[in-house]
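Asker: give the three-dimensional model of this entry:
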Amino acid sequence: MESFDERDLERLKLQAEEQLWHDRHKTEFIQESLGKSQVLTKRMVDVLSTFGDRLSALENAIRPVHMETLTLTRARDNVKQVVGLLDDVIKHYDTSLTVQATLTSKPSYQLQDYIAAVNRVRQAIGYFRTSNPHNAEQENLVKLYNASCRALETEFEQVLERHSFPLPLHELMELSEVEAHHLALSADVVATLRMIATHLGDCDCVAELVRSLAKVRSACVASTLTDFAEAHISSVVATPGKSKVPGSAQKSTLGRRSSLRKGVLRSGSVRRRGERDDRRITMALDLQGLEDPDHLALYEKGSHPFLHYSEALSRLLIRETNLVEAILPPEGVSLTLQRLFAAPFDVFVGQGEMLAASVGKRVGKLSHQASLFAFETVNTLRLKAEQLKPIFNKIDKETFSTRLNELCLNFVEVSKQLLRDVEEDTFNDASKRMPPDGTVHELTSNTLSFFVALYDYAEIVGNVLRPIEEIGSRKEGIHWAGQDESKSNFAGWVLSVLKSLRSNLSKKAQSYDNNILVNLFLLNNYDFISQTINSAPYVDVLVKKHPMLKGDYVKLIDHQKQQYGQTTWQRAAELLTVETHSGTLTKKEREIIKEKYNSFNEYFDAVVKLQREYAIPNTKLRDSITKENINFLVPLYDAFDKYYRHSGFSSRNPQKYLKYTASEIEQSLGSLFAN
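Answerer: Numbering: from 1, shown residues only. Here you go, the predicted structure:
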């Protein structure tokens, strides 16, 4: 155990000595390196000390040169600034000579250079007004500037005139909704005009731009609207009641009508370009033909000239507004549009007011069909007011939007009166001309035909029937109700008119001196009303308002059938009563039987002769009445005839009384209502 410890200690001693040797050598190396580093440091300190001394000497030598350089630089900058100011001043003094050649030529040759030259003149004037207001050069520049601005104004108007042409009316009316919003001039022309307008706007010449643009474009608008008037002189008069879209390729022939007074727009003179700005388009709507049944007895939707005029005017307004906004600076748009459309809009509103007033005065004289255009006008004006409201707000809301709303409300009042007039006419119609064959009265057919035509305007009619305060006001505009409410109002009015019609028909029926004809007349009219309502597109609307409507007319028809049967065959039934007897007939009994045969034959002959002149147009109803007549009378006659024919009531001349057999009675009944 001890020997092991000695070996271990020996080994550790050797390791310690070896480590000590290595550490001694490392220490010596570090000391040697430190000595070298100290030598190098001393040398570097000596070098830096020498360099610092030299830099100080250099600084002392350069500082005076630097100060002199700074002084020269400041002097140079001052000279340069003075030269620049002198150049700027000299430039203003030389402006008139420099731009003289450019400004004496027409702007159209080099428009951009011309505008640049005008801007130089404007800047020079600004300089002289600030720095030397009494300089003679300023007066020359002002004259040159004014002349150049006038030249640009002239160029603006000439460019506008060269490219402004009236849009043919048929092209205007054929434009799609998107095309109607396109600019009226090409993009290059608009860019040129906008360049001139922008410059003149900067030069406070907006008023002249407004004048020129309003003058030139209003001439185009006036020409287009004049084409409209002339187109209607040819189309409306040539085809009464079927006015074509103005400007169509098809030309109308005047034919025998030469007065040009039947519901047409008459055009007056339109001043040419260059004349007064307040030109007027003189157009007058003559309504003397509206009560003419050949003229507007069958009004076609959208055919009235005033509707075409409103559409043409609105399209022109949209196109011209887009053009003006594309050319002029914002401050000139409103005044330009006001000048451009004040006259056409005055004419439009004036025509509308004349139309509404004329229709209002003629309430009671117009045919019901002819009054349909009033309802369409209400809707057209309402839609145009909504469509053009953004444009009107840019121009003058009080002048345009408010007046258009007021015109629409005028037509609402006229339409209300027309509806009241239809109902009152239906109730009070005093026509004494009755159909001799008991068929449908003219009042019934006209009223039901009017209902069918009116259904295209059901929503409009339903809204017109609302209280005026609910419809709107001149300032707030027109407010339309929902379809459910409007159609309910329409249905209520139709039901009220139908009630008035039934009442009048009942009164008219009493003018017949024949009760059978009274029953057939009411039967035919009620059946016609029922058939028309059942097949009408508005039947669901009526039934929703009055669920028992169809059943009510079925009851009315059944009641008249019963009345007809009682009135016609009650007497025959009394004559065909059978009185039983036994054994040989007495003389009195034979005479009674002869009298019954004679009376029945005479009565039946009279009924058949009379009712062959009557008519039941509805085949189904006619067959039904014929069948009921046969089922009622033939069995009665057959029983009567079988009982008495061979009873020996007449031994000398039985054929005198036995005029009909049951089959002949049936055949005769089948020939009724053959008219």
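
Asker: so for stretch 68-88, what's the average pLDDT?
Answerer: Averaged across stretch 68-88, the pLDDT comes to 74.

Asker: before we move on, what about stretch 613-620?
Answerer: Across stretch 613-620, pLDDT averages out at 91.

Asker: buried ones in it?
Answerer: By neighbour count with 16 or more other Cβ atoms under 10 Å, stretch 613-620 contains the buried residues 614-616, 618. Where C-beta positions appear, they are placed from N, C-alpha and C, glycine not excepted.

Asker: please apply the same query to stretch 582-591.
Answerer: 585, 590.

Asker: ok so, going back, show me which of the buried residues of stretch 613-620 is closest to His308.
Answerer: Asn618 (41.1 Å; Cβ to Cβ).

Asker: ok, now which ones touch that closest one?
Answerer: Taking Cβ atoms under 8 Å, 6 or more residues apart in numbering, we find Asn618 in contact with 524, 527-528, 531.

Asker: burial count for Leu419?
Answerer: 21 (other Cβ atoms under 10 Å).

Asker: close enough to count as contact, it and Asn463?
Answerer: No: using Cβ atoms under 8 Å, Leu419 makes no contact with Asn463, being 11.6 Å away.

Asker: now render the buried residues of stretch 613-620 as TSV, adding distance to Phe165.
Answerer: Below are those laid out as TSV (distance: Cβ to Cβ, whole Å):
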residue	distance to Phe165
Tyr614	68
Ala615	63
Ile616	65
Asn618	61
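
Asker: gap between the nearest residue to Ala458 once chain neighbours are set aside and Tyr455?
Answerer: Among residues not flanking Ala458 along the chain, Phe490 sits closest, at 4.5 Å (Cβ to Cβ, 6 or more residues apart in numbering). From Phe490 across to Tyr455, the span is 8 Å (Cβ to Cβ, to the nearest Å).

Asker: give me the number of residues near Gly350?
Answerer: 16.

Asker: ok, now Ala214?
Answerer: By other Cβ under 10 Å, the residues close to Ala214 number 22.

Asker: ok, now Phe673?
Answerer: Using other Cβ under 10 Å, Phe673 is surrounded by 23 other residues.

Asker: from Tyr455, how far out is it?
Answerer: Counting by Cβ to Cβ, the separation of Phe673 from Tyr455 is 32 Å.

Asker: same thing with Glu331?
Answerer: From Glu331 to Tyr455 the distance is 50 Å (Cβ to Cβ).

Asker: between the two, point out the one with more neighbours.
Answerer: Taking other Cβ under 10 Å, Glu331 and Tyr455 do not tie; Tyr455 has more neighbours (17 against 10).

Asker: tell me which residues touch that one, please.
Answerer: 536-538.

Asker: among those residues, which ones are buried?
Answerer: If we count by 16+ other Cβ under 10 Å, these have these buried: 536, 538.

Asker: just give me the closest of the contacts of Tyr455 to Leu58.
Answerer: Looking across the contacts of Tyr455 and measuring by Cβ to Cβ, the closest to Leu58 is Pro537, at 110.7 Å.

Asker: confirm the closest one sits in a helix?
Answerer: No: judged by DSSP: H, G, I helix; E, B strand; the rest coil, Pro537 forms no part of a helix; its state is coil.

Asker: nearest residue to it in space, please, no chain neighbours.
Answerer: In space, Pro537 is closest to Tyr455, 5.5 Å off (Cβ to Cβ, 6+ apart).

Asker: and the pLDDT at the one you found?
Answerer: 86.

Asker: ok, now how distant is it from Ile318?
Answerer: Distance from Tyr455 to Ile318, by Cβ to Cβ: 32 Å.

Asker: hey, where'd the strands end up in the stretch 201-350 of the chain?
Answerer: All strands of the stretch 201-350 of the chain, identified by DSSP state E, counting those that start in this stretch, fall at 265-267, 283-285.

Asker: and Ala124, how far is that from Ser186?
Answerer: Distance from Ala124 to Ser186, by Cβ to Cβ: 36 Å.

Asker: do the same with Val452
Answerer: 49 Å.

Asker: burial measure for Arg612, as a count.
Answerer: There are 14 residues near Arg612, going by other Cβ under 10 Å.

Asker: so where's the stretch 551-675 of the chain uncertain?
Answerer: Within the stretch 551-675 of the chain, the set of residues satisfying pLDDT under 70 comprises 674-675.

Asker: the same query, at a cut-off of 90, please.
Answerer: Applying pLDDT under 90 to the stretch 551-675 of the chain flags the ranges 572, 575-597, 608-613, 640-660, 670-675.

Asker: ditto for the stretch 251-400 of the chain
Answerer: Using pLDDT under 90, the stretch 251-400 of the chain drops low at 251-325, 327-377, 384-400.

Asker: now do the helices in it.
Answerer: 293-296, 305-327, 330-361, 372-395 (DSSP state H, counting those that start in this stretch).

Asker: what is the neighbour count of Gln123?
Answerer: By other Cβ under 10 Å, neighbour count at Gln123 equals 14.

Asker: that one: which element?
Answerer: helix 111-131 (DSSP states H and E).

Asker: buried residues, that helix. List them.
Answerer: For helix 111-131, burial by neighbour count (16+ other Cβ under 10 Å) applies to 111, 114-115, 117-118, 120-122, 124-125, 127-128.

Asker: any idea of the mean pLDDT in it?
Answerer: Mean predicted lDDT for helix 111-131 stands at 75.

Asker: just stretch 492-512 next, same as before
Answerer: 93.

Asker: make 17 the first number, not 1, from now on.
Answerer: Shifting the count to begin at 17 puts that one at stretch 508-528.

Asker: buried sites along that stretch?
Answerer: Within stretch 508-528, the residues that count as buried by 16+ other Cβ under 10 Å are 508-510, 513-514, 516-518, 520-521, 524-525, 528.

Asker: export only the CA atoms of stretch 489-499, formatted as CSV.
Answerer: Output of stretch 489-499 as CSV, limited to C-alpha atoms (Å, rounded to 0.1, in the frame of the first residue of the first chain):
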residue,chain,number,x,y,z
SER,A,489,-95.5,68.9,-53.3
ARG,A,490,-93.8,71.2,-55.7
LYS,A,491,-90.7,71.5,-53.5
GLU,A,492,-90.5,68.0,-52.1
GLY,A,493,-91.3,66.2,-55.4
ILE,A,494,-93.7,63.4,-56.2
HIS,A,495,-93.8,60.3,-54.0
TRP,A,496,-95.2,57.1,-55.5
ALA,A,497,-96.9,54.4,-53.4
GLY,A,498,-96.2,50.7,-53.5
GLN,A,499,-97.8,48.4,-56.1
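
Asker: contacts for it next, please.
Answerer: Contacts of stretch 489-499 (Cβ under 8 Å, 6+ apart): 397-398, 401-402, 405, 417-419, 421-422, 424-425, 428, 475, 478-479, 482, 486-488, 502, 505.

Asker: give me the buried subset of these.
Answerer: Looks like the contacts of stretch 489-499 have 397-398, 401, 405, 417-419, 421-422, 424-425, 428, 475, 478-479, 482, 487-488, 502, 505 buried, using 16+ other Cβ under 10 Å.

Asker: now, which of the residues you listed lie within helices?
Answerer: Among the buried ones among the contacts of stretch 489-499, the members found in helices (DSSP state H) are 397-398, 401, 405, 417-419, 421-422, 424-425, 428, 475, 478-479, 487, 502, 505.

Asker: separation between Ile343 and Leu397?
Answerer: Distance, Ile343 to Leu397, using Cβ to Cβ: 30 Å.

Asker: just Met564 next, same as before
Answerer: Distance from Met564 to Leu397, by Cβ to Cβ: 38 Å.
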